[in-house]
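Q: what would the 3D arrangement of this be:
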Amino acid sequence: MSKYNKKVVFLLTILSFSFYLGVGSNFQFYQLIFYPLTILMVVANLIKKRSIQKTLGSVFLLLVMILIFFILTTIINKGTISDLLVAFKSIGEPAMVISLFMFVRQDEEYCQNIDILSWFSKCLIIMLCINATWAFVSMIGDVTFINLYFWGGEDSVALRALTNGRYSGIFNQPMESGTIYSIGLFCWYYLVKLKKQIKMNDLVKLIFLFFGGILSVSKVFLFVGAPLFLLAMLTNKTFYRYFIKVLSWSIATIFLVMQLLVIWKGGNYLARFWAPGQNLASLLTAGRFGEDSQLVTLFKSVSEHNLFIGGGYGFSDVYDSLYFYFFSIGGIIGLAFLLILLLTFYKQISSQYKKKGSEYIVFLLLFCLIVAGGVGAPILTLNRVNILVWIMIAIIYKQAYLNNRLYFGMN
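A: Numbering: from 1, shown residues only. Got it, this is the predicted structure:
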C-alpha cells in the first residue's frame, strides 16, 4: 500500500473518535487537522497536475452540487450563519474526504493497493473495541464529566439515553453507535473473508463489536446492521469451516450477556422489543411510523412550506431519517439528489460484482445499511460517523480502481 493512503486512512480513522474543543463547543479536534490537511493535499495534487479518478471524481462533483444547492435553500429560507456551517460540516466534509483519495498518485501506479480496505477495517475495529470497553466503564462508573467532551455538551442525546441504560461510549447518539458498530461488523466480515480463517482474536473482536452495538440498544444495529452481517456470514464458506468454534464462543457469549443483564438496566429497555401486545411498526421506528407517525407530520410540514426546495438547514430540529434529511433541506429536488447518489453507489457495486472485486460485498452491505437504516438515521450525514462512512466509501472506490489497473491493465 502506498504510504500516502496508509497514513491518511489511519489519521482520519483515529481523528474521527476525537473530542470537542470544550464542553458546549461546536468544533471538534479533528477539524483542526482535517481541514488544513485537505487544503494542503488538494493544492499539492493540483500543482503536480495529477489526474482524477473518474468514479470518485463524479462522487466529489455530486457532493459539491448538493452542498451548493443546500446552501442556496438555506439562504433562501433565511437561515443563519450557524445553519450554513452545519451544511458544510454535513456535506462539505464528505466531499473533503473524497478529495483526499480521488487523485491518482505516481506511487499508486506501481505498488499493490489491495489492502487499503483491510487497513481501514483493522484500524476501525480496534477503535470500536476501545470504545466498547469505554462504554462498559461508563456503565459501572460515572465518567460523564469526560464523556461530555466527546458528546459536545450537557444537552446531549447520549446523556438522556443513559436514563434508559443505553451506553454509546464517545458517540452522542445511540443511532451513531449502532451505525458505526454495524460497519465494524462488515469490516470484520471482510477481513475474515480475505484470511479464509477465524482465529481466537477474531472472535474476541467480534464479541466486542456485538457488545458495543447492543449496549447502545440501537435499532439500526439490532434490526439492520446485525441481521445483514449474520446473513452475509451464512453465505461465507469460512463460517461453516469454523462452525464448532463459532458456536462454542457464541454459547459463552450468551452466558456472559445473561450475567450482564443482572447489572445492566438497559436490559429492560432492550427486552421491550419482544414484549407481547406491542405496536412493532411504531416501536421499531421510535414513532417514526405507525400510529401518530412523526415522519408523516414532518414531511407534511415541509411540503406545506415548500415542496420543491424544502426549508433549508434550520427548518427542522429533527433529522432522524436520511430521506427526511434530504427532503427537509432540499424538498423534492433534494430527494432527487439523494436518489442519484444512491444510484451512483449501486452502479459501482454492480461494476465491482461483474469484475469479481472482493470489496463489492462489503460495499453491498454498506449500501443496504444506508438504504434500510436510513429510515431511522441520516447515515450519510451523521455527526462523527459520516467521516468514517465516507472514508470507507472512498477507499472502496479507490481500491476497486487500483485493483483494476493492477489485474486488468485498465486506465
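
Q: what sits against Val192?
A: Ile198, Asp202, Asn236, Thr238 (CB atoms under 8 Å, 6 or more residues apart in numbering). For the C-beta atoms, the positions are set from N, CA and C on the backbone; glycine is no exception.

Q: and if we set it to 10 Å?
A: The contact partners of Val192, by CB atoms under 10 Å, 6 or more residues apart in numbering, come to Ile198, Lys199, Asp202, Leu206, Met233, Asn236, Thr238, Phe239, Tyr242.

Q: hmm, Pro180 is touching Pro174, no?
A: For the record, residue 180 is Ile, not Pro. No - in this structure, Ile180 is not within contact of Pro174 by CB atoms under 10 Å, at 11.1 Å.

Q: overlap in contacts, these two.
A: Ser168, Gly213, Ser216, Ser218, Val220, Phe221.

Q: the residue nearest to the first one when sequence neighbours are not counted - how many residues pack around it?
A: In other words, Ser168. Nearest residue to Ser168 in three dimensions, chain neighbours excluded: Ser177, at 3.8 Å (CB to CB, 6 or more residues apart in numbering). Ser177: 31 surrounding residues under other CB atoms under 10 Å.

Q: list the residues that contact Ser177.
A: Contacts of Ser177 by CB under 10 Å, 6+ apart are 128, 131-132, 135, 158, 161, 166-171, 212-213, 215-218, 220-221, 385.

Q: do you know how far it is from Val220?
A: Ser177 is 9 Å from Val220, where distance means CB to CB, to the nearest Å.

Q: longest helix in this protein, by residue count?
A: Criterion DSSP state H: the longest helix present in the chain is helix 322-354.

Q: other SSEs contacting it?
A: helix 54-76, helix 81-87, helix 294-306, helix 360-373, helix 385-408 (3 or more CB pairs under 10 Å, 6 or more residues apart in numbering; DSSP states H and E).

Q: low-confidence regions, the stretch 301-411 of the chain specifically.
A: For the stretch 301-411 of the chain, applying pLDDT under 70 flags the ranges 354-358, 405-411.

Q: common neighbours of Ser177 and Val220, please.
A: Residues touching both Ser177 and Val220 (CB under 10 Å, 6+ apart) are Gly213.

Q: I'd say Glu359 and Ile396 touch.
A: Yes - look at Glu359 against Ile396 with CB under 10 Å: they come within range, at 5.2 Å.

Q: coming back round to it: so which of the helices and strands packed on helix 322-354 is nearest Gln28?
A: The closest of these to Gln28 is helix 385-408. By CB to CB, the value is 9.7 Å.

Q: buried ones in the closest one, by neighbour count?
A: 385-404, 406 (16 or more other CB atoms under 10 Å).

Q: likewise for stretch 351-367?
A: Applying 16+ other CB under 10 Å to stretch 351-367 flags Gln352, Gly357, Ser358, Glu359, Tyr360, Ile361, Val362, Phe363, Leu364, Leu365, Leu366, Phe367 as buried.

Q: list the contacts for the first one?
A: Shown here is Gln352, whose contacts under the criterion CB under 10 Å, 6+ apart are Ser358, Glu359, Tyr360, Ile361, Phe363, Leu364, Ile396, Tyr397, Gln399, Ala400, Asn403, Asn404.

Q: can you tell me how far it is from Lys199?
A: As judged by CB to CB, Gln352 and Lys199 stand 27 Å apart.

Q: now do the last one
A: Phe367 sits 29 Å away from Lys199 when distances are taken as CB to CB.

Q: now, which of the shared contacts of Ile180 and Pro174 lie within strands?
A: Using DSSP state E, no member of the shared contacts of Ile180 and Pro174 sits in strands.

Q: now for those residues: which two are most distant?
A: Ser168 and Val220 (11.8 Å).

Q: more neighbours: which of these two?
A: In this view Ser168 and Val220 are compared by other CB under 10 Å, and Ser168 has more residues nearby, 32 against 28.

Q: pretty sure that one sits against Phe136.
A: No - contact between Ser168 and Phe136 fails when scored by CB under 10 Å: they sit 11.7 Å apart.

Q: ok so, going back, joint contacts of Glu359 and Ile396?
A: Counting by CB under 10 Å, 6+ apart, the residues touching both Glu359 and Ile396 are Ile116, Leu117, Tyr190, Ile349, Gln352.

Q: distance of the third one relative to Ile146?
A: Spelled out, that is Tyr190. Distance, Tyr190 to Ile146, using CB to CB: 32 Å.

Q: of the two, which one has the most company?
A: Each of Tyr190 and Ile146 has its neighbours counted (other CB under 10 Å); Tyr190 has more, 22 against 14.

Q: residue contacts, that one?
A: Leu117, Ser118, Phe120, Ser121, Ala232, Ser358, Glu359, Ile361, Val362, Phe363, Leu365, Ile396.

Q: so which strand or helix has it?
A: Using DSSP states H and E, Tyr190 falls within helix 174-195.

Q: give me the common contacts of Ser168 and Val220.
A: In contact with both Ser168 and Val220: Pro174, Met175, Glu176, Ser177, Gly178, Ile180, Tyr181, Gly213, using CB under 10 Å, 6+ apart.

Q: if we ignore the residues flanking it in sequence, what's nearest the third one?
A: The one in question is Glu176. Glu176 sits nearest to Val385 (CB to CB, 6+ apart), 4.9 Å away.

Q: ranges for the helices of the stretch 101-250 of the chain?
A: For the stretch 101-250 of the chain, the helices defined by DSSP state H, counting those that start in this stretch occupy 116-140, 144-151, 157-161, 174-195, 200-215, 219-220, 226-234, 237-241, 243-263.

Q: in a markdown table, list those along with distance to Ser51.
A: Formatted as a markdown table, the helices of the stretch 101-250 of the chain follow (distance: least, CB to CB, whole Å):
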| stretch | distance to Ser51 |
| --- | --- |
| helix 116-140 | 18 |
| helix 144-151 | 39 |
| helix 157-161 | 43 |
| helix 174-195 | 28 |
| helix 200-215 | 38 |
| helix 219-220 | 38 |
| helix 226-234 | 35 |
| helix 237-241 | 38 |
| helix 243-263 | 45 |
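
Q: export these to TSV and tack on mean pLDDT and distance to Tyr325?
A: Below are the helices of the stretch 101-250 of the chain laid out as TSV (pLDDT from 0 to 100; distance: least, CB to CB, whole Å):
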stretch	mean pLDDT	distance to Tyr325
helix 116-140	93	24
helix 144-151	91	21
helix 157-161	87	16
helix 174-195	94	12
helix 200-215	90	23
helix 219-220	90	14
helix 226-234	92	21
helix 237-241	78	35
helix 243-263	74	34
